[in-house]
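Engineer: What would the 3D arrangement of this be:
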Amino acid sequence: MAESIFQTPPTDFDALHREFVWRIPARFNIAQQCCDRHAAGADGIAVHYENLAGDAARYRFSDLKRLSDRFAQALRDLGIVHGDRVAMVLPQRPETVIAHLASYKLGAVAVPLSILFGEDALSFRLRDSGAKVVISDTSRLRLIDRLAPDLPDLKYVIGCAPDQGVPDLWSLLNQATGDADPVDTAADDPALLIYTSGTTGPPKGALVAHRALLGNLPGFELSHNLFPQPGDLFWTPADWAWTGGLWDALLPTLYHGMPILGYEGGKFDAEKACALMDTYQVRNAFLPPTAIKMLMQVPDMAQRYNIVLRSIMSAGEQVGAELIRWGEQTLGVTINEMWGQTEVNYLVGNCAALMPVRPGSMGKPYPGHAVDVIDPEGKVLPDGETGELAVRRGDPVMCLGYWNNEQATRGKFVGDWFCTGDMGYRDGEGYLWFLGRKDDVISSAGYRIGPGEIEDSLLKHPAVAQAAVIGKPDALRGSIIKAFVVLSDGYEASEELAADIRESIRTRLATYEYPREIEFIDALPMTTTGKVRRIDLRHREEAASENRNAF
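Structural biologist: I've put the predicted structure just below:
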């Protein structure tokens with residue numbers, strides 16, 4: 001078990017924030033810190049692996065070191081050098097960890113890509129990144145083969161199993177001409193090119209340095225109630241191809257020399273999630289709000305499964321009071337909400353072990369991060385005033401910039417502030433409250449309304465399994481609130497039910513916050529990271545309005 005980033009055991013959150021000082025070394029390599037040093041020490045279990053068929057395996061840190069050393073040399077034999085982009089279209093499986101570690105050891109730039117990507121999404125990212133090699137799950141090899149003629153930079157395609165018509169990772173590492181000596185990387189050298197999820201527009205590639213791992217650690221340790229503790233074991237359903245799975249789970253867990261569970265099981269299944277947490281005695285989890293809402297539908301969870309979670313972090317959407325109440329009552333754990341982005345991750349959050357959690361709040365800036373609420377000119381706003389959440393320039397977790405898009409990088413800054421595009425406010429105790437993306441905040445009859453509180457209140461109605469809220473244009477009020485609702489099992493859509501749901505919000509929130517319209521739908525549009533794409537709902541509403549006007 002590796003040491004904490006904090007010099008002394010934390011006991012007071014605010015004092016910790018005041019006194020914290022970054023200690024970023026000039027030379028730093030993720031692979032050495034997340035694998036090699038542990039292999040030379042206690043050499044515990046690093047990865048537990050299971051797939052949908054029930055096949056299981058365990059890898060110690062020494063296993064990962066040996067395999068990643070060999071695969072790094074295999075890539076070097078193919079001509080991969082410092083700065084080359086190595087794309088990985090892989091789920092949660094051992095090859096993903098091996099490929100990442102090998103890439104970092106070469107000083108190459110890993111480009112994690114989701115196996116859920118279709119043709120257009122995959123083609124754009126492979127072409128934009130200029131990836132020289134792609135390591136792929138079997139399910140995407142045929143698609144990559146079809147795309148390859150239009151990818152001039154792509155030289156090699158590598159599979160994860162033999163007899164797929166392309167070289168496979170295991171054969172290549174066994175044939176390698178020795179073990180690669182790790183490149184001595186600077187802390188500021190790029191390690192990852194990770195694409196934004198595209199909730200508000202075309203995805204952009206954020207180029208992330210090796211040092212960003214250290215920048216993640218204060219928030220990671222605190223959001224998991226002083227991670228690591230003896231017996232900790234981590235799991236998340238979040239894809240290791242995304243910031244949430246990679247930076248919020250896999251890499252910081254391995255950095256601390258602790259084990260993580262990788263499950264290759266496809267679409268999230270709440271019952272299977274419970275079984276995994278029971279079987280492996282998972283103690284720490286990153287569970288996106290969407291996953292928590294699905295877990296809430298599992299009947300008699302506490303009686304049927306022996307779940308021993310010590311910490312839950314949640315991010316990606318507002319958590320809200322209802323989910324926190326459920327976590328405390330059902331699991332005995334206070335969910336620590338966290339806020340960050342692909343470009344600047346793990347900035348703000350809660351730590352139930354050290355501070356009161358205010359349901360609905362994102363928490364406070366974690367130690368080492370200067371985060372505040374600013375106006376369009378970059379002026380810090382007083383408590384209670386709504387503005388844009390921004391991060392001061394120079395934060396070690398901040399990305400190096402957008403890949404091949406200097407104009408977009410410059411456009412994110414106002415003076416010394418990196419603007420996140422998220423709106424919120426700060427209360428008198430220093431807690432930050434998220435209202436939504438700039439485009440998500442609803443202006444109705446002079447009020448600025450964030451969708452999160454309304455969506456959380458909708459979930460308190462027994463008929464509501466999932467909900468999303470947008471502003472619908474209205475001649476009188478500017479916008480009215482419209483809710484899209486996915487019903488719980490056993491309920492049927494009707495105007496009577498919609499009226500009952502509307503009335504429940506009217507009595508819980510302010511009169512201007514209740515949804516004047518409710519539309520029942522089968523499923524909410526989601527990104528592959530589990531975030532609601534409200535922009536799709538707005539486009540859906542615009543299209544419906546155009547159709548109505550046409551008649």
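Engineer: Could I get the contacting residues of A57?
Structural biologist: Going by Cβ atoms under 8 Å, 6 or more residues apart in numbering, A57 touches H48, Y49, P94. Bear in mind the C-beta positions are built from the backbone N, C-alpha and C, glycine included.
Engineer: Bridged to it, which residues?
Structural biologist: Y49 (DSSP bridges).
Engineer: Let's have the contacts of A57 in TSV, adding distance to I115 and pLDDT.
Structural biologist: Listed next are those as TSV, based on distance: Cβ to Cβ, whole Å; pLDDT from 0 to 100:
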residue	distance to I115	pLDDT
H48	20	98
Y49	16	98
P94	15	97
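Engineer: Nearest to M301 among these?
Structural biologist: When the contacts of A57 are compared for distance to M301 (Cβ to Cβ), H48 wins out at 21.8 Å.
Engineer: Skipping its backbone neighbours, what lies nearest the closest one in space?
Structural biologist: L261 (4.7 Å; Cβ to Cβ, 6 or more residues apart in numbering).
Engineer: re the thing from before, of all the contacts of A57, which comes closest to D372?
Structural biologist: Ranked by distance to D372 (Cβ to Cβ), the contacts of A57 are led by H48 at 40.4 Å.
Engineer: just the helices in the stretch 251-400 of the chain please.
Structural biologist: 251-255, 270-279, 289-295, 301-304, 320-326 (DSSP state H, counting those that start in this stretch).
Engineer: May I have the fourth one as CSV, with CA atoms only?
Structural biologist: Just to be clear, that refers to helix 301-304. Taking C-alpha atoms only, helix 301-304 is exported to CSV below (Å, rounded to 0.1, in the frame of the first residue of the first chain):
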residue,chain,number,x,y,z
MET,A,301,-30.6,-5.4,-2.2
ALA,A,302,-29.4,-5.2,1.4
GLN,A,303,-31.0,-8.6,2.2
ARG,A,304,-29.9,-10.5,-0.9
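Engineer: Now do the buried residues in that helix.
Structural biologist: By neighbour count with 16 or more other Cβ atoms under 10 Å, helix 301-304 contains the buried residues M301.
Engineer: in the stretch 101-250 of the chain, which spans are helices?
Structural biologist: Using DSSP H, counting those that start in this stretch, helices in the stretch 101-250 of the chain cover 119-129, 138-147, 169-175, 212-223, 243-245.
Engineer: name the helices or strands packed onto the fourth one?
Structural biologist: Helix 212-223 is packed against strand 190-195, helix 251-255, strand 336-339, strand 348-349, with contacts defined by 3 or more Cβ pairs under 8 Å, 6 or more residues apart in numbering; DSSP states H and E.
Engineer: Out of these, which is closest to D422?
Structural biologist: The minimum distance between D422 and the helices and strands packed on helix 212-223 falls on strand 336-339, with 7.7 Å, by Cβ to Cβ.
Engineer: pull the CA atoms of the closest one into PDB?
Structural biologist: Only the C-alpha atoms of strand 336-339 are listed here, as PDB (Å, rounded to 0.1, in the frame of the first residue of the first chain):
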ATOM      1  CA  ASN A 336     -19.400  11.800  -2.000                       C
ATOM      2  CA  GLU A 337     -20.200  13.900  -5.000                       C
ATOM      3  CA  MET A 338     -17.200  15.000  -7.100                       C
ATOM      4  CA  TRP A 339     -16.900  17.500 -10.000                       C
END
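Engineer: So what are the sheet partners of it and their directions?
Structural biologist: Partners of strand 336-339 in the sheet, by DSSP bridges, are strand 311-314 (parallel), strand 348-349 (antiparallel).
Engineer: Quick one: those strands as TSV, columns for distance to A273 and mean neighbour count too.
Structural biologist: Below are the strands paired with strand 336-339 laid out as TSV (distance: least, Cβ to Cβ, whole Å; neighbours: other Cβ atoms under 10 Å):
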stretch	distance to A273	mean neighbour count
strand 311-314	12	26
strand 348-349	22	26
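Engineer: Switch those over to a markdown table; also include distance to A291 and mean pLDDT.
Structural biologist: A markdown table is the format used below for those (distance: least, Cβ to Cβ, whole Å; pLDDT from 0 to 100):
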| stretch | distance to A291 | mean pLDDT |
| --- | --- | --- |
| strand 311-314 | 8 | 97 |
| strand 348-349 | 17 | 98 |
